[in-house]
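[1] got a sequence here, can you build the structure:
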Amino acid sequence: MIESQQARILLDAGVKMGIKEEYPLIEDSELKKIDAIIISHAHLDHSAYLPHIFSAGYEGHVYATKPTLELINILASDYLNISNPENVTKEGQSKMQRRYRAVEYQKPFQIKDIEIKLLPAGHILGSAMIEVKAGRKKAIYTGDVNCRTTKLLDPAYTESLNANIFITESTYGGDKDIFPSEKSTLGAMTASIKETINAGGKVIIPSFGVGRAQEVLFILDDYMKSGAFPKVPIYTDGMVNKAMRIHRHNVIYCRDELQKRILLNDDDPFKSKNFAQVEGIPGRKKVMASTESSIIVTTSGMLTGGPILKYLTGMADDDKNKLILVGYQAEGTRGRTLADGAKKLEIDGKQVDINLKVEQYRLSAHADRQQLHQLIGKVQNLEDLFIVHGEPSKSKELATAQGNKCKVHIPELRNSFGV
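    Predicted structure coming up:
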C-alpha cells in the first residue's frame with residue numbers, strides 16, 4: 001500500500017499459494033478506501049486476491065497491461081474453481097472484470113496526486129515494474145523481474161532508472177542463487193529427456209501455465225526440430241492451452257524476433273505440429289495408458305493442484321518415467337517436497353509412492369542474485385531499499401550484500417514506513 005497526501009493505491013493483490021493458502025492482512029473496511037489497484041503481472045501470488053477485494057465492496061479500478069488483464073481472467077477462474085475461497089461472490093467477480101483499465105508501457109497516468117508509469121519487467125507476458133511519483137518522491141516496485149532475454153520476452157527495462165525508493169523481489173536473492181548458463185542448463189535437461197524417451201518412459205513437466213509453460217514448449221519444439229531428441233508427442237494440458245492463445249493474440253508484447261518469425265517466415269511456434277492438446281479427462285487417461293513415449297507439459301508448476309496431480313497419481317509408480325521441475329518451488333508445496341527428495345506424496349487424501357525419477361533444472365523467469373544486485377545498483381538517487389517477496393534467508397542475504405549505500409529495509413507484515 002502506498003499513501004500520498006490525497007490517494008491510497010495498492011500494488012498487487014495476491015494469494016500465497018501452498019498446502020495452506022495465505023491472504024493479505026488488510027481489513028475489508030480498509031479495502032473500500034483504496035483509490036486504485038495496480039497489478040504488476042497475472043500470476044496468482046500477485047493477482048488472486050482481486051475477487052475478494054471486489055466482493056468486499058471495492059468500487060475503484062484495476063490498472064495493468066492488456067495481456068495481464070486477459071491472463072488474470074483465466075487464472076482467477078481456475079483458482080476460484082479449485083480453491084473455492086470464502087467471501088468471494090458472483091457479483092464481486094462480475095464487477096471485477098468491469099473495472100479493468102488497460103495501460104500501455106511508458107505512458108503515465110494519474111490517480112489524484114500520484115503519477116504512475118508501467119515499465120517492462122521481462123518476467124511473463126505483460127509483466128511490469130510500477131513507477132510511482134508523488135510530490136518530490138518517486139518509488140519503483142519491481143514485482144517479479146527478469147533481466148535476461150528469453151524465448152518470448154526482452155529483459156526488464158533498466159535504462160535511466162531513477163527513484164528515491166526501490167521495492168524489489170528477492171526470490172533468488174540468496175548468496176548461492178547464481179544461475180548457470182542457459183546453454184549448460186538446457187544441455188543437461190535435453191540429455192535427460194532423451195534418456196527417458198529412449199528408455200520408453202514419459203517425461204512430465206509441471207509448469208506455471210502462464211510464462212514458464214510457453215518458454216518450455218518453445219525450447220522443446222526447437223530442440224525436437226533440431227533432432228536433439230527423438231520426435232514424440234508433446235502434450236499440453238490444463239491452463240497451458242488457454243494461455244497459449246492469449247500469448248498468440250498479444251504477440252506484439254513479445255520480442256521483435258518472435259514477431260518477425262511469425263509474420264515474415266510463417267513459422268508460428270504457438271501452433272507447432274509437435275504440440276497436441278489433451279482433451280479433458282478421457283484424453284488424459286489415453287495419454288497415461290499409452291505405451292508410446294511422450295512429453296507432458298501441464299499445470300500447476302508447484303503441484304498445488306490441477307492436472308499434474310492426476311498424472312502423478314497415474315504415473316508415479318513407473319520408474320521409467322521422469323518428472324522435471326523447471327520453476328521455483330515454494331516452501332510448503334508438493335513441488336518443494338519432491339525437490340527435497342520425498343518418496344511419498346499426499347494427493348487427495350491418499351499416499352502416492354514416488355518411483356519415477358525427479359529432477360530439477362532452473363529455467364527461471366526471475367533475476368538471480370547477481371542480476372538483482374546489478375539492478376539495484378542502476379537506480380539513481382536511491383535512498384530507501386525495501387526487499388520483499390522472498391524466503392527470509394534470501395532477503396537477508398540480499399540486504400547484507402548492499403552494504404551502506406542506502407537504507408535497507410526487510411519489512412514484516414503490517415509494518416509501515418514514512419519516507
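
[2] contacting residues for N162?
    For N162, the contact set (CB atoms under 8 Å, 6 or more residues apart in numbering) comprises 138, 379-381. No exception for glycine: its C-beta is placed from N, CA and C like everyone else's.

[3] just the buried ones from those, in ChimeraX syntax?
    Here is the ChimeraX command that selects the buried residues among those (16 or more other CB atoms under 10 Å):
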select :138,379
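
[4] S393: which of the contacts of N162 is nearest?
    Comparing the contacts of N162 against S393 with CB to CB places V379 closest, at 23.7 Å.

[5] would you confirm that that closest one contacts S160?
    No - with contact defined as CB atoms under 8 Å, V379 does not reach S160; the gap is 10.0 Å.

[6] where exactly do the helices run in the stretch 301-419 of the chain?
    Applying DSSP state H, counting those that start in this stretch to the stretch 301-419 of the chain gives helices spanning 307-315, 334-339, 369-377, 392-400.

[7] export these to a markdown table and tack on distance to E30, mean neighbour count and mean pLDDT?
    As requested, the helices of the stretch 301-419 of the chain are arranged in a markdown table below (distance: least, CB to CB, whole Å; neighbours: other CB atoms under 10 Å; pLDDT from 0 to 100):
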| stretch | distance to E30 | mean neighbour count | mean pLDDT |
| --- | --- | --- | --- |
| helix 307-315 | 36 | 20 | 93 |
| helix 334-339 | 32 | 21 | 91 |
| helix 369-377 | 31 | 18 | 95 |
| helix 392-400 | 25 | 17 | 96 |
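
[8] per the record, what domains does the protein have?
    2-176+366-409, 182-360 (automatic domain parsing).

[9] and these as TSV, adding distance to S416?
    Putting those into TSV (distance: least, CB to CB, whole Å) gives the following:
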stretch	distance to S416
domain 2-176+366-409	9
domain 182-360	26
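
[10] which one of the helices of the stretch 301-419 of the chain lies closest to P180?
    P180 sits nearest to helix 369-377 of all these, at 11.9 Å, using CB to CB.

[11] for the closest one, give me every contacting residue.
    Applying CB under 8 Å, 6+ apart, the contact partners of helix 369-377 are 142, 145, 147-148, 156, 158, 161, 166, 168-170, 172-178, 367, 382, 385, 397-398, 401-402.

[12] also stretch 223-233?
    Under CB under 8 Å, 6+ apart, the answer for stretch 223-233 is 186, 190, 193-194, 197-198, 234, 274, 276, 292-295.

[13] can you list the buried residues in that stretch?
    By neighbour count on 16+ other CB under 10 Å, the buried set for stretch 223-233 is 223-224, 229, 232-233.

[14] that one spans what distance, first to last residue?
    Start to finish, the residues bounding stretch 223-233 are 13 Å apart (CA to CA, to the nearest Å).

[15] now do that stretch: distance to the chain's middle.
    Stretch 223-233 sits 27 Å away from the centroid of its parent chain (CA atoms, centre = their mean, to the nearest Å).

[16] and the residue positioned nearest the centre of the chain, what does it touch?
    The residue lying closest to the centre of the chain (CA atoms, centre = their mean) is H43, at 4.8 Å. Each residue near H43 by CB under 8 Å, 6+ apart is listed here: 14, 75, 124, 144, 208, 210-211.

[17] what residue ranges in this structure are flagged as low confidence?
    Scanning the chain for pLDDT under 70 picks out 19.

[18] rerun that using 80 as the cut-off
    Residue ranges of the chain with pLDDT under 80: 17-19, 82, 209, 265-266, 330.

[19] all helices of it, in order?
    With helices called from DSSP state H, the chain shows them at 28-31, 44-47, 50-55, 66-83, 90-98, 182-198, 212-225, 239-249, 256-263, 280-289, 307-315, 334-339, 369-377, 392-400.

[20] CSV for the ones you listed, including distance to I114?
    CSV is the format used below for the helices of the chain (distance: least, CB to CB, whole Å):
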stretch, distance to I114
helix 28-31, 18
helix 44-47, 20
helix 50-55, 19
helix 66-83, 20
helix 90-98, 22
helix 182-198, 38
helix 212-225, 33
helix 239-249, 29
helix 256-263, 32
helix 280-289, 46
helix 307-315, 41
helix 334-339, 38
helix 369-377, 23
helix 392-400, 27
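
[21] of all those helices, which one is nearest Q351?
    Among the helices of the chain, the nearest to Q351 by CB to CB is helix 307-315 (10.8 Å).

[22] having no further points to raise, I will conclude here.
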